[in-house]
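Q: Everything below, folded, please.
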Amino acid sequence: MEAQSPPPPPRQPEGCLVVAIRVPVRIVVLVLVVPVRMAWDVLVVTGRLLRDTALRPFGRFLRDIVLRPLGRALLWTGGVLVVRPLVGLWRYAVVPAGQALAWLGTVLVVVPAVWLHRYVLTPARHAAGRLARAAVAGCAWVYARVLRPAGHGLTRLLLGAGAVLAALGTGGYTALAWLGRYLIAAPARRLYTWVLTPLGHAVAWCVRGLGRLLGLLATGIGLALYWTVRALAVLPALALWRRVLVPAGRVLAVVARELGQALGHAWRIAGRISRAVGRALGTLLRWTVVEPVRWTYRTVLTPVGHLVRDGVLRPAAAGARAVGRIAREALASARDTVRRTRADVRRMLFGEPRRPAVAHRREPSARDTRTLGSSTTALTKD
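A: Down below sits the predicted model:
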């Protein structure tokens with residue numbers, strides 16, 4: 001069993017904005033892409049013909065004389081129509097807008113934050129530090145000037161009382177206990193109850209109040225900073241994001257998507273149109289030029305060519321070969337006659353040329369070769 005392909009996913013419903021953008025965009029893109037696709041197909045076919053046939057020198061000439069200047073002109077046109085506007089847009093629109101936003105952020109956020117830190121938070125921190133140092137110094141002074149001497153005096157008093165009790169005995173212990181109870185314990189209890197406790201409560205209340213004051217101050221400063229930053233930076237940025245950038249981004253995304261789909265669709269349709277036009281032009285060229293030329297060649301030119309070849313060219317070629325052969329023979333005989341005449345004239349003027357004397361060679365001639373029975377050396381030669 002053949003595997004069944006999964007069904008296509010259902011199409012999501014599209015809004016009227018998408019449809020309103022899609023139709024004109026596809027029409028405009030199709031009108032713009034069809035000439036480009038046809039020119040591209042013509043260039044592809046021309047390039048294949050120049051590459052695969054014997055027209056490579058012409059292709060090189062066409063590349064060096066036509067295509068390179070055309071490419072440079074297109075590059076210059078693209079630089080003038082695309083690159084320079086983008087550079088101008090970046091230089092005179094995006095950069096000033098970024099600088100304006102940076103200046104606005106500096107004025108609305110950075111400068112107030114620096115002023116708040118310099119003139120509010122730093123003095124408050126210094127005041128809190130001074131207050132804490134003053135409280136620590138007061139506690140240290142009370143400990144050093146009051147509590148420590150009092151403790152030392154009480155210790156010495158107790159040591160002296162102990163020595164007196166040791167000297168007096170048991171009655172002295174009773175009297176000293178009564179005196180310690182009414183002279184030391186009762187005043188110390190009253191001092192703790194009516195002086196130290198309220199003083200500690202007051203100090204604790206002051207510390208708690210100072211902490212609450214610092215907390216309220218920090219909370220107020222934080223709320224002020226929060227609402228300042230929220231009102232000056234967050235809310236405008238959020239409104240700009242929600243009301244401007246998100247809708248513009250969605251519209252641009254829809255336009256880009258539809259433009260990409262329209263380009264693909266238009267390129268495919270333009271390919272089919274170009275193929276149909278090419279086939280129509282090929283058929284028209286075939287029936288208007290190629291077939292008449294082929295019929296003329298087969299019906300008229302081929303028989304005439306055969307007649308001319310058999311009746312004119314071949315006899316003319318045979319006659320030309322015979323004339324060439326006769327001319328070559330005449331030239332050869334003329335050269336021989338001239339050579340003999342020149343030899344006779346030289347002999348009449350200068351006589352017979354001197355013949356070289358024949359030298360007697362000791363070696364045997366070519367005809368008389370050496371054998372074992374013959375002696376041809378200088379000692380045995382006759």
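Q: next structured bit after the helix or strand of the chain with the lowest mean pLDDT?
A: In the chain, the helix or strand scored least confidently by mean pLDDT, DSSP states H and E is helix 170-180, which has a mean of 68. Scanning forward in sequence from helix 170-180, with DSSP states H and E defining helices and strands, the next element found is helix 186-191.
Q: I'd like the average pLDDT over that following helix.
A: Model confidence over helix 186-191 averages 78 on the pLDDT scale.
Q: what comes up buried for that helix?
A: Counting neighbours by 16 or more other C-beta atoms under 10 Å, one finds that helix 186-191 has no buried residues. Every residue, glycine included, has its C-beta placed from N, CA and C.
Q: elements contacting the helix or strand just after that helix?
A: The element immediately downstream of helix 186-191 (helix or strand, assigned by DSSP H and E) is helix 197-229. For helix 197-229, the elements it packs on are helix 111-116, helix 122-142, judged by 3 or more C-beta pairs under 8 Å, 6 or more residues apart in numbering; DSSP states H and E.
Q: Those into TSV, with extra columns for mean neighbour count, mean pLDDT and distance to Arg230?
A: Putting the helices and strands packed on helix 197-229 into TSV (neighbours: other C-beta atoms under 10 Å; pLDDT from 0 to 100; distance: least, C-beta to C-beta, whole Å) gives the following:
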stretch	mean neighbour count	mean pLDDT	distance to Arg230
helix 111-116	13	82	13
helix 122-142	11	81	22
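Q: I'd like those as TSV, with distance to Pro187 appended.
A: Putting the helices and strands packed on helix 197-229 into TSV (distance: least, C-beta to C-beta, whole Å) gives the following:
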stretch	distance to Pro187
helix 111-116	54
helix 122-142	19
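Q: Which one of those lies nearest to Leu214?
A: Closest of the helices and strands packed on helix 197-229 to Leu214 is helix 122-142, at 6.2 Å (criterion: C-beta to C-beta).
Q: Average pLDDT for the strand or helix carrying Ala327, rounded please.
A: When secondary structure is defined by DSSP H and E, Ala327 falls within helix 314-350. Averaging pLDDT along helix 314-350 gives 87.
Q: Distance from the chain centre to that helix, please.
A: Using C-alpha atoms, centre = their mean, to the nearest Å, we find the averaged C-alpha position of helix 314-350 to lie 83 Å away from the chain's own average C-alpha position.
Q: which stretches of the stretch 151-300 of the chain have low pLDDT?
A: Where the stretch 151-300 of the chain drops to pLDDT under 70, the residues are 161-162, 165-173, 176.
Q: circling back: for Leu235, which of the helices and strands packed on helix 197-229 is the nearest?
A: Of all these, the one in closest proximity to Leu235, counting by C-beta to C-beta, is helix 111-116 (15.5 Å).
Q: got the contact list for the spatially closest residue to Val34 that is not a sequence neighbour?
A: What sits nearest to Val34 in space, not counting adjacent residues and going by C-beta to C-beta, 6 or more residues apart in numbering, is Ala270, at 4.5 Å. Ala270 sits next to Leu30, Val33, Val34, Val36, Arg37, Met38 when contact means C-beta atoms under 8 Å, 6 or more residues apart in numbering.
Q: Pick the one among these closest to Tyr182.
A: Within these, proximity to Tyr182 (C-beta to C-beta) peaks at Val33, which comes in at 115.8 Å.
Q: residue contacts, that closest one?
A: The neighbours of Val33, taking C-beta under 8 Å, 6+ apart as the test, are Leu263, Ala266, Trp267, Ala270.
Q: Now name the helix or strand holding it.
A: Assignment of secondary structure by DSSP H and E places Val33 within helix 16-52.
Q: mean confidence for that helix?
A: Taken as a whole, helix 16-52 carries a mean pLDDT of 76.
Q: for that helix, which positions count as buried?
A: Applying a neighbour-count criterion of 16+ other C-beta under 10 Å, the buried positions in helix 16-52 are Ile21, Arg22, Val25, Arg26, Val29, Leu30, Val33, Val34, Arg37, Met38, Asp41, Leu50.
Q: show me what contacts the fourth one?
A: Counting by C-beta under 8 Å, 6+ apart, Arg26 makes contact with Glu258, Ala262, His265, Ala266.
Q: and the strand or helix carrying Arg84, how far from the chain's centre?
A: Taking DSSP H and E as the criterion, the element that holds Arg84 is helix 84-89. When C-alpha coordinates are averaged (C-alpha atoms, centre = their mean), helix 84-89 and its chain have centres 20 Å apart.
Q: With only the CA atoms kept, save whichever helix or strand comes after that helix in CSV.
A: On the C-terminal side of helix 84-89, the closest following helix or strand by DSSP H and E is helix 95-105. What follows is the C-alpha trace of helix 95-105 in CSV, where atoms were taken according to Å, rounded to 0.1, in the frame of the first residue of the first chain:
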residue,chain,number,x,y,z
VAL,A,95,21.6,59.6,13.2
PRO,A,96,19.8,62.9,14.1
ALA,A,97,16.8,61.0,15.5
GLY,A,98,19.2,58.8,17.6
GLN,A,99,21.0,61.9,18.8
ALA,A,100,17.7,63.6,19.7
LEU,A,101,16.6,60.5,21.6
ALA,A,102,19.9,60.4,23.4
TRP,A,103,19.7,64.1,24.3
LEU,A,104,16.1,63.6,25.5
GLY,A,105,17.1,60.6,27.6
